[in-house]
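Trainee: Give me a 3D structure for the following:
(one chain, ligands or ions: 1)
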Amino acid sequence: MGAGIAQISITAGHETVGREVELPLAERARATIERYVGRSVEKGRMRAAERDDALARLTLTTELSALGDCDLVIEAIVEELVPKQELFAELDRITRRDAVVATNTSALSVTEIASATSCPERVVGMHFFNPAPLMPLVEIVRAELTADGPVETGYAFGERIGKTPIRCHDTPGFVVNRVLIPLLNDCVRVLDEARVTPEDLDTGLKNGAGWPMGPCTLVDLVGIDVHVHASEALYEKTREPRMAPPPRLVAMRNAGLLGRKSGRGFYRYDES
Ligand SMILES: NC(=O)c1ccc[n+]([C@@H]2O[C@H](COP(=O)([O-])OP(=O)(O)OC[C@H]3O[C@@H](n4cnc5c(N)ncnc54)[C@H](O)[C@@H]3O)[C@@H](O)[C@H]2O)c1
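Mentor: Residues are numbered from 1 along each chain as shown. Here you go, the predicted model:
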């Protein structure tokens, strides 16, 4: 997600610093960004000079202090509360007092992350969707103590990078995942209840409900592990049974059937 957000930022004209824990990981992210930006040139959506300018706006580092002069920092590290709080406590020390510090968390509480800082007023959620360069939505999440200014800064940045931002408060799942996760879990339960095949379930939702993509295809794309993790996090917070991951998905995750990225989920995918 970090690489995707950096890619949107540089192509929208912003000087961007990408911080990774190890340089080889940062270089891998650069290679990914170069590949996708290069494809835009091949497809005629961008000129070669624009690609070169965009890539020149990206600086990679392992040093957190390199973020010290940024106007906006968007965190996209592992989805665990303690590492995020530790990072926000450090960002609190090294960033400018007028900088906005955002988290891309999907399922954690922005308020809890912000509580690790001395200035929770400047912490906001900026929840991008995967793949970030392609998905238009970004949820701008106001935590309990977030001030108006940082919410508007996040919103305005979302617009400047060509996204469609929406504002919401810090509640479990925010807006889209609050609706989508239990819905997809229901779909997976229906597979067993109605003894329908994944192909027929997808056909049903596409042709009977106007979904652009069937639920099994969507869960495969998101990643079974990512979906199970998000379901567990939402269930922990809401205790609503529909949020809990269906046993079938947990079994698939445990067996390494992670969807498109592992080559097999509800469907099989070729290497190409
Ligand atoms: N994958 C998705 O579909 C998706 C969608 C929306 C939001 N998100 C959120 O984005 C964040 C990242 O998700 P991801 O799927 O890209 O995760 P990931 O595990 O693929 O990547 C996390 C990256 O963070 C780096 N990292 C780990 N600890 C770090 C630290 N202490 N400091 C700096 N970097 C560190 C890792 O090296 C890794 O490159 C999570 O909060 C996740 O909830 C993910």
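Trainee: Any idea how far apart the tips of stretch 44-60 sit?
Mentor: Stretch 44-60 has an end-to-end distance of 27 Å (CA to CA, to the nearest Å).
Trainee: Could you confirm whether it reaches the ligand?
Mentor: No - judged by CB under 6 Å from any ligand atom, stretch 44-60 makes no contact with the ligand; its nearest approach is 12.0 Å. For the C-beta atoms, the positions are set from N, CA and C on the backbone; glycine is no exception.
Trainee: which residues touch that stretch?
Mentor: Stretch 44-60 has contacts (CB atoms under 8 Å, 6 or more residues apart in numbering) with 6, 9-11, 13-20, 23, 26-27, 29-30, 33-34, 37-38, 40-41, 66.
Trainee: buried ones in it?
Mentor: Neighbour-count burial for stretch 44-60 flags 46, 51, 54, 55, 57, 58, 60 (criterion: 16 or more other CB atoms under 10 Å).
Trainee: Pick the one among those closest to the ligand.
Mentor: Set against the ligand, the nearest of these by CB to the nearest ligand atom is residue 60 (12.0 Å).
Trainee: and that closest one, what element?
Mentor: strand 58-61 (DSSP states H and E).
Trainee: Residue 32 now?
Mentor: Here residue 32 is assigned to helix 23-42, by DSSP H and E.
Trainee: Where does the stretch 101-250 of the chain get nearest to the ligand, which residue?
Mentor: Nearest to the ligand, among the residues of the stretch 101-250 of the chain, is residue 130, at 3.2 Å (CB to the nearest ligand atom).
Trainee: State the three-state secondary structure for that residue.
Mentor: For residue 130, the assignment made with DSSP: H, G, I helix; E, B strand; the rest coil gives coil.
Trainee: count of residues packed around it?
Mentor: Counted with other CB atoms under 10 Å, residues neighbouring residue 130 total 14.
Trainee: Residues of the chain that sit close to the ligand?
Mentor: Counting by CB under 6 Å from any ligand atom, the chain comes close to the ligand at 1-2, 20-21, 25, 76-79, 83, 87, 104-106, 128-130, 222, 226.
Trainee: Isn't the residue of the stretch 101-250 of the chain closest to the ligand up against residue 3?
Mentor: No - the criterion here is CB atoms under 8 Å, and residue 130 misses it with residue 3 at 11.2 Å.
Trainee: Now do the contacts for residue 75.
Mentor: Taking CB under 8 Å, 6+ apart, we find residue 75 in contact with 84, 87, 88, 91, 101, 102, 103, 104.
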